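Chemist: Give me a model of this one.
(one chain, ligands or ions: 2)
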Amino acid sequence: MASDIGTSASHGILSDELRDDREQLVELLTRAYWMEIETVMSYIANSINPDGVRAQEIIESLDQDVQEELGHARQFGQRIKELYGVVPGSLDFQAEQSYLQPPDHQTDIVHVIKGVIEAESGAIEHYNRVIEFCEGRDPVTQDMVIAILRDEEGHRRLFEGFLREYKAEGLA
Ligand SMILES: [Fe+2]
Ligand SMILES: [Fe+2]
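Modeler: Ligands and ions are numbered 1, 2, ... in the order given. Next comes the predicted model:
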């Protein structure tokens, strides 16, 4: 959603000339914002539900990730505003993370690990798209999303490592 504030920039992504690009970028950032918000919800649930000795490592990682993903959501929201967009309200939210719903058994850690890897992969894919869109248009957003992309690559790598351990034992 674009707000009706007129811009005072003469060039760059904030100029009137690039209004169409800016609006497309706000849409991409709004999608990113919702992805982060849903990830926060999913990671909160999956940092509480798991049972078992081996669940503790996952719980601790997800606890920390909740804070990071929340920070990402805030950054996307801020950038939406700076680009003269409006951060959407909760009624616009549509859930997509079917793969991160609670498993049938709360000791099913592999389900959680695979779900996290899928969520992170989705974010990585979308953020690469945003970075590409920003090329030659908006270096500031590009910079911000590159930093966030690195966080997501780190999250995915960590959970790939967890999965590797289960695979080595024939449990995944
Ligand atoms: Fe994130
Ligand atoms: Fe992440």
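
Chemist: For the residue of the chain found nearest ligand 2, identify the helix or strand it belongs to.
Modeler: Nearest residue of the chain to ligand 2: H155, at 3.7 Å (CB to the ion). For the C-beta atoms, the positions are set from N, CA and C on the backbone; glycine is no exception. Counting by DSSP states H and E, the element that carries H155 is helix 139-168.

Chemist: quick check, H105 in a helix?
Modeler: No - looking at H105 with DSSP: H, G, I helix; E, B strand; the rest coil, it is coil, so not inside a helix.

Chemist: Around ligand 1, pick out the residues from the chain.
Modeler: 36, 69, 72 (CB under 5 Å from the ion).

Chemist: By neighbours, which of the residues you listed wins?
Modeler: E69 (28 neighbours; other CB atoms under 10 Å).

Chemist: was I right about it contacting S42?
Modeler: No - E69 sits out of contact with S42 when judged by CB atoms under 8 Å, with a separation of 9.2 Å.

Chemist: Just give me the residue right at the centre of the chain.
Modeler: E36 (3.7 Å; CA atoms, centre = their mean).

Chemist: still on that earlier bit, quick check: closest non-adjacent residue to the residue of the chain closest to ligand 2.
Modeler: Excluding the flanking residues, the one nearest H155 by CB to CB, 6 or more residues apart in numbering is E120, at 4.9 Å.
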